[in-house]
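Asker: My questions concern the predicted model and sequence given below.
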Amino acid sequence: HIKIFVPPTYALEVANNTATLLKIAEQVGMPIPKTYFLDDLNEMETLSSSLRFPVVIKMKREEVYLPHKRYSIARSSAEFKEKYLILHSLQPFPLVQEYISGPGAGFFALYNQDHNLQAQFCHQRIREYPISGGPSTLCQSIKDDKLIACGKKLLDALNWIGVAMVEFKKDQLSGEYKLMEINPRFWGSLPLATASGVDFPYLLYRLINEEKFSPVLDYKVGVKLRFLVMDSVSALSHLKNKHFGEFFNFLKDLLDWRIKEGVLSWRDFGPNIPYLKKYLDYFKQK
């Protein structure tokens, strides 16, 4: 009695393993961060002396850890060796990547059973938490043909079915979108897509029920969405790191009534309580 609408097993395995995903992305000609794959701890010493810092150390697979626990940034050889061993103890042989400076961006997509694109959407992160790179706390709908082409090229190569969010960083030096990962599921900034006119859950429902509709490729651009609790934490982190401009941007954004809220709602107040309790408990632990 349950209809399943998911990508092929092979595609899911690729999406859930960043190491495999990056290798396939290279094969189809997609820009990726310079990446190092270790399979022996003895290689760590040699690599540490040749790296250009900062670098990012990240798990190959997303597991039960919170986003900020899945990666670490090293700014020196000594810090690299220390942090690599910590992540290695949680998940063997994490990836090592160059650090890409630039905004995060995402291509959201819905594919039908015949691997044809039925809906698309793009967003750019304005603020994140952790501020060094993490889930968006304030984001905005954009339309970028280069971003769309990159995301579609990868999902087409994987014969995708269902929903996906392909995550990139836009390299501020080269202007290229460099692949970070694929989320083969609904994503945290989904309410932004819905507010901009692309109702992915409803469109997925229609596909599951074999309804025909014209591909939804256009949407409102410039719509902003924030997650007030985590955006406040992001702003405080910017203040702590003396990023005063971004902190004042947060204060200015508080007065902008056009910005949508991702979770909190006066019309449906009940879910606010466990949501706020969850983050209160989280910060007590920290």
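Answerer: Received, thanks.
Asker: quick one: contacts of the helix or strand of the chain with the lowest mean pLDDT?
Answerer: Every helix and strand of the chain was ranked by mean pLDDT, DSSP states H and E. The lowest is helix 272-285, at a mean of 78. Helix 272-285 is contacted from outside by Val229, Met230, Val233, Val263, Leu264, Ser265, using Cβ atoms under 8 Å, 6 or more residues apart in numbering. In short, each C-beta sits where N, CA and C put it, glycine included.
Asker: For the residues you listed, which two are the farthest from each other?
Answerer: Farthest apart among those by Cβ to Cβ are Val233 and Ser265. That separation is 19.7 Å.
Asker: Looking at those two now, which is surrounded by more residues?
Answerer: Neighbour count, other Cβ atoms under 10 Å: between Val233 and Ser265, Val233 has more, with 19 against 12.
Asker: Could you export the host helix or strand of the more buried one as PDB, CA atoms only?
Answerer: Counting by DSSP states H and E, the element that carries Val233 is helix 228-240. Extracted C-alpha coordinates of helix 228-240, given in PDB (Å, rounded to 0.1, in the frame of the first residue of the first chain):
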ATOM      1  CA  LEU A 228      15.500  32.800  13.400                       C
ATOM      2  CA  VAL A 229      16.900  30.600  16.200                       C
ATOM      3  CA  MET A 230      20.000  29.500  14.200                       C
ATOM      4  CA  ASP A 231      20.400  32.800  12.500                       C
ATOM      5  CA  SER A 232      20.700  34.500  15.900                       C
ATOM      6  CA  VAL A 233      23.400  32.000  16.800                       C
ATOM      7  CA  SER A 234      25.100  32.700  13.500                       C
ATOM      8  CA  ALA A 235      25.000  36.400  14.100                       C
ATOM      9  CA  LEU A 236      26.500  36.000  17.600                       C
ATOM     10  CA  SER A 237      29.300  33.800  16.100                       C
ATOM     11  CA  HIS A 238      30.000  36.600  13.600                       C
ATOM     12  CA  LEU A 239      30.100  39.100  16.400                       C
ATOM     13  CA  LYS A 240      32.500  36.900  18.400                       C
END
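Asker: avg pLDDT for that helix?
Answerer: Helix 228-240 carries an average pLDDT of 93.
Asker: and that helix, which residues are buried?
Answerer: Leu228, Val229, Met230, Asp231, Ser232, Val233, Ser234, Ala235, Ser237, His238 (16 or more other Cβ atoms under 10 Å).
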